[in-house]
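predicted model follows, preceded by the sequence.
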Amino acid sequence: MDIMKNDNNTMLADFYQLTMAHGYWQNRMAYKTSVFDMFFRRVPDGGGFSIMAGVEQLVEYLNDLKFTETDIEYLRSKKCFSEKFLNYLKDFKFECDVWAIKEGTPVFPGEPVVVVRGPAAQAQFIETMCLLTINHQCLIATKANRMVRAAKGRTVLEFGSRRAQGVSGAILGARAAFIGGANGTACVKADIDFGVPAAGTMAHSWVQMFETEFDAFKAYAEVYPDNCILLIDTYNVLKSGIPNAIRIAKEVLEPQGQRLKGVRIDSGDMAYLTKKMRKMLDEAGLEDCKIIASNALDENLIADLINQGACIDTFGIGERLIVSRSEPVFGGVYKLVATEEDGVYTPKIKISENVEKVTTPCFKQVYRLFDNETGMALGDVLTLHDEVIDESQPYTLFHPVHTWKKKVVENYTAKPLLEPIFVKGECVYKKRDVHEIRDFCKAQIETLWPEMLRFENPQEYYVDYSKKLWTIKQELLERF
């Protein structure tokens, strides 16, 4: 089978989700209403926040959820599923309610970013794709945002397709990077599918194809006079690349009324070289010519280059972005938090000697409190799903572990973050253009205090519990 043409991802599941679904069926629990949370425990790279992404692809998966005859035959061949259960899968119809935090929103450890409520067999079954989709894009969007912030207003381009973990890693990685703040991508398919602006010029092989570097530059300038960017480090940046680029600007482009748009280097000491390049270009009257640097860049190297006075206008970033090389796993998990019968919810908790693995029970909502005067985020509160925060009254935030840490907030707006994307299996998600998501992300990050944006030891953001939720969790901890 050509997996590149396989659009049905229903069977992209862990086998235990099927064995559990069958077990629920055999024990007449398949339709027992259950609530699952997806959340993560820590921010990659020790950062202060992550960026929510991947909701659109989760919606597409849930919309297409169906078991084909081929799927049923495969399961029958395993000889561990009853025919009644297989008939149930054959007539499968997704019936869950699903909520998600909007793409582009800064999110924090411990709070549910996706909530699923519905028949146990269904809510359990979608675990793998929920985690796969959200984990991947949150990881790349978060990494991209770190790089964008390090670049301090300079252009950041995603150049990583050839280093990506597979086809979807390249395409969806480019989408996530754009949400996180990147300005564009080298991936053509991401432009076609999502409108992420794709751009590119030449590789070293173009220069090598010609007898001389000047001939290569001249040929390229004649084909693309209105957008000429030259790769200048095939041979020698300062002795050959820049002098030839300047000749092209003066002898080929300017007589046509065009300007040399940029030069790119992909190797060498970028701080030293770009300072020399800038001086040579400026002395030639090419002050408007941009300098583009690409190679194994990340937020730390970008920050170092800027601190060293490197004259770089655009950063092209490959492997360290598209696979988040410094920390390539986003540790989102999917846990049962409640069951429901006749409108009454029974909270569920997982307890562990590893404190960070103790789950937060109950069907919940996440509120973000914003200061009405500054517009800045004051903290998040996890509440029971039907709790309403009265904005006319002061609200006490308290640390769920160190309860003596308290903060009373007034003159605030409490915004619920979890929004419905499916109601009883019917999609209510309103698709947004990726440019709109990117702009929303930028605006939301501006509501975070600068102390939370530090790369090293960022200020911890408040993610607190309502008193009702905290009390239920304490009661369960004591009971078990």
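Yes, it's here.

in stretch 332-347, what counts as buried?
Neighbour-count burial for stretch 332-347 flags 332, 334, 335, 336, 337, 338, 339, 345, 347 (criterion: 16 or more other CB atoms under 10 Å). The way it works is simple: take the backbone N, C-alpha and C, and place the C-beta from them, glycine included.

to clarify, my last question referred to stretch 170-186.
Across stretch 170-186, burial judged by 16+ other CB under 10 Å covers 170-186.

strands along the stretch 251-400 of the chain, start to end?
For the stretch 251-400 of the chain, the strands defined by DSSP state E, counting those that start in this stretch occupy 262-265, 290-295, 314-317, 332-341, 344-347, 364-371, 377-384, 395-398.

need those strands in a markdown table with distance to residue 231, can you?
Below are the strands of the stretch 251-400 of the chain laid out as a markdown table (distance: least, CB to CB, whole Å):
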| stretch | distance to residue 231 |
| --- | --- |
| strand 262-265 | 5 |
| strand 290-295 | 9 |
| strand 314-317 | 11 |
| strand 332-341 | 39 |
| strand 344-347 | 60 |
| strand 364-371 | 45 |
| strand 377-384 | 43 |
| strand 395-398 | 53 |
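
could you point out which of those sits nearest residue 213?
Residue 213 sits nearest to strand 262-265 of all these, at 12.3 Å, using CB to CB.

only C-alpha atoms, please: export the closest one in PDB.
C-alpha atoms of strand 262-265 as PDB (Å, rounded to 0.1, in the frame of the first residue of the first chain):
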ATOM      1  CA  GLY A 262      19.700  40.000  -1.200                       C
ATOM      2  CA  VAL A 263      22.700  37.800  -0.700                       C
ATOM      3  CA  ARG A 264      22.700  34.500   1.300                       C
ATOM      4  CA  ILE A 265      25.400  32.600   3.100                       C
END
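
mean confidence score for it?
Mean per-residue pLDDT for strand 262-265: 98.

for it, name the packing helices and strands.
Applying 3 or more CB pairs under 8 Å, 6 or more residues apart in numbering; DSSP states H and E, one finds that strand 262-265 contacts strand 229-231, helix 270-283, strand 290-295.

which of those sits most buried?
Of all the helices and strands packed on strand 262-265, strand 229-231 carries the top mean neighbour count, a mean of 25, counting by mean count of other CB atoms under 10 Å.

contacts for the helix or strand following it?
For strand 229-231, the succeeding helix or strand toward the C-terminus, using DSSP states H and E, is helix 242-248. For helix 242-248, the external contacting residues (CB atoms under 8 Å, 6 or more residues apart in numbering) are 213-214, 217-218, 221, 228, 230, 232, 260, 263, 276-277, 280-281, 284, 286.

can you pick out the most distant pair from the residues you listed?
218 and 276 (23.3 Å).

any low-confidence regions in the stretch 351-480 of the chain?
Along the stretch 351-480 of the chain, the model assigns pLDDT under 70 to no residue.

which parts of it are helices?
Per DSSP state H, counting those that start in this stretch, the stretch 351-480 of the chain carries helices over the ranges 434-445, 467-479.

looking at the ones you listed, which is buried most?
Scoring the helices of the stretch 351-480 of the chain by mean count of other CB under 10 Å, the most buried comes out as helix 434-445, with a mean of 18.

what's that helix in contact with?
51, 53, 102-106, 141, 145, 175, 178-181, 194-196, 432, 453.

skip the chain neighbours and tell me the closest residue to residue 213.
residue 244 (5.2 Å; CB to CB, 6 or more residues apart in numbering).

neighbours around that neighbour, how many?
21 (other CB atoms under 10 Å).

can you check residue 405 too?
12.

for the nearest residue to it once chain neighbours are set aside, give me its contacts.
Computed as CB to CB, 6+ apart, the closest residue to residue 405 that is not its neighbour in sequence is residue 399, at 3.9 Å. Residue 399 makes contact with 405, 406, 462, 464 under the criterion CB under 8 Å, 6+ apart.

cool, residue 315 as well?
Residue 315 touches 147, 151, 154, 155, 156, 157, 292, 293, 294, 297, 302, counting by CB under 8 Å, 6+ apart.

and which of the residues you listed is nearest to residue 209?
Looking across the contacts of residue 315 and measuring by CB to CB, the closest to residue 209 is residue 294, at 20.2 Å.

who touches that closest one in this structure?
Residue 294 touches 157, 159, 264, 265, 266, 315, 316, 317, 318, counting by CB under 8 Å, 6+ apart.
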